[in-house]
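Undergrad: could you work out the structure for the sequence below:
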Amino acid sequence: MKSFNRNTIYCRYFDQQRSEIVPPFKTVVFPEFTALCLRREGVKHISLSDAPTGYYEYPVNIPVTTHYFSACLAPLYGMEPKWLLLAEFIEHHKIQGVTHFYIYVNELDEYSWILLDNYVRSGEAEVIAFLDYFSRDDRLSQLLQLQECLTRSRGHSQWVAMVDLDERLTPTEYRGTLSDFLQTIFNETIAELSFRQQFILRNETLPQKYISKSQVGENLSKCYNSNKKVVLSLLKYSFRHYRDIHRGNWKERWLSDVEEFGEFSITDYPAKHMNTLRENVQQRLHSAYVGMH
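TA: Numbers count the residues shown, from 1 in each chain. Presented below is the predicted three-dimensional model:
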């Protein structure tokens, strides 16, 4: 695949009738396959070309933002059951005001696919097959996904969260939801909100299949970009980052490093949302799996 990184190109602007609005805007491709085109009044369609005049690709519509706050879920790998984590992830962030999920899948077990299809049918999520045929380490693969989702959500969502399956963006001092907090930001130069990370060690194995609603209560758990716009570090929210100490070699490789951060303490999921989360997860799992056993 050819990279167009740093190539000079031109943004070509068009009105509702696709009549060109001159002059074009000179820009560069960065990073890889993304070009910044400045906003211009009256523009309804846009195209790119190698030269300021002459041939251009058919102009595409500039979409109107559909969602205020969405979430990009990092690529899912491995065939271990993810259905409970997936339900908790989505329902938790719905409580925080997320209304749409971009879910990237490299590998997923068949049982978890049933739940994911349930979210797709309800219109709350879209699935993107993330099959990277190039040889690169996991970090670079995730950077590729982040860039793709940022581009995909642009114009579709005003704010988008970049989150892993084992992460939960959770309020600490702020009383409202994250969506509420985002709506208090009026500085249009702010493009990214950065949050501190809190490791939560999980020492119980998740169930293989859904059995009953009571099972959910026994196993349930006791970062966001603007598509338009600097980095702002916040202490009012944190990422609850769940780490399964029995998965792979995480305990042997990372536990000693985590212990150097300080003493461990007992932490709970926010009490004001616990019942809502439990009920929503129970209802979703019941609707997806009832009648299968």
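Undergrad: name the element the most centrally placed residue in the chain belongs to?
TA: Note on the chain: the residue nearest the mean C-alpha position is Cys72, at 1.6 Å, using Cα atoms, centre = their mean. If you go by DSSP states H and E, Cys72 is part of strand 67-76.
Undergrad: got the angle for the helix or strand following that strand vs strand 67-76?
TA: Sequence order places helix 83-95 as the next helix or strand after strand 67-76, per DSSP H and E. Here helix 83-95 runs at an angle of 160 degrees relative to strand 67-76 (axes from the mean of the first three to the mean of the last three Cα atoms, to 10 degrees).
Undergrad: pull up the pairing partners for the helix or strand following helix 83-95, direction included.
TA: Per DSSP H and E, helix 83-95 leads on to strand 100-105 as the next helix or strand towards the C-terminus. Partner strands and pairing direction for strand 100-105 (DSSP bridges) are strand 67-76 (parallel), strand 125-129 (parallel).
Undergrad: can you spell out the domain ranges of the chain, please?
TA: 8-61, 67-289 (automatic domain parsing).
Undergrad: weakest of those domains in terms of mean pLDDT?
TA: The weakest mean pLDDT among those belongs to domain 67-289, with a mean of 81.
Undergrad: so what strands line up beside the helix or strand harbouring Arg168?
TA: Under the criterion of DSSP H and E, Arg168 resides in strand 167-171. Sheet neighbours of strand 167-171, with direction, are listed as strand 231-244 (antiparallel) (DSSP bridges).
Undergrad: about what we covered before: does the residue nearest to the centre of the chain touch His93 like I think?
TA: No. The pair Cys72 and His93 does not pass the contact test of Cβ atoms under 8 Å, sitting 10.9 Å apart. Heads up, the C-betas are built off the backbone N, CA and C, glycines and all.
Undergrad: shared neighbours of these two, anything?
TA: Phe101, Ala161, Val163 (Cβ atoms under 8 Å, 6 or more residues apart in numbering).
Undergrad: other residues contacting stretch 88-98?
TA: 68-71, 73, 101, 119, 124-125, 161, 163, 165, 168-169, 171, 177-180, 182, 220-221, 273, 276-277, 280-281, 284.
Undergrad: then stretch 101-109?
TA: Contacts for stretch 101-109 (Cβ under 8 Å, 6+ apart): 70-82, 90, 93, 116, 119, 124-132, 145, 148-149, 152-153, 160.
Undergrad: just stretch 40-57 next, same as before
TA: Here stretch 40-57 makes contact (Cβ under 8 Å, 6+ apart) with 9-16, 18, 21, 23-26, 35, 37, 58-62.
Undergrad: for PyMOL, write the selection for the buried entries among the residues you listed.
TA: To isolate the buried ones among the contacts of stretch 40-57 in PyMOL, judged by 16 or more other Cβ atoms under 10 Å, type:
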select buried, resi 9+10+11+12+13+14+21+24+25+35+37+59
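Undergrad: strands - which of the contacts of stretch 40-57 land there?
TA: Members of the contacts of stretch 40-57 lying in strands (criterion: DSSP state E): 9-14, 21, 23-26, 60-61.
Undergrad: just to revisit the earlier point, buried residues, the strand holding Cys72. List them.
TA: His67, Phe69, Ser70, Ala71, Cys72, Leu73, Ala74, Pro75, Leu76.
Undergrad: so how far is Cys37 from the second one?
TA: From Phe69 across to Cys37, the span is 24 Å (Cβ to Cβ, to the nearest Å).
Undergrad: ok, now the third one?
TA: For Ser70, the distance to Cys37 equals 22 Å [Cβ to Cβ].
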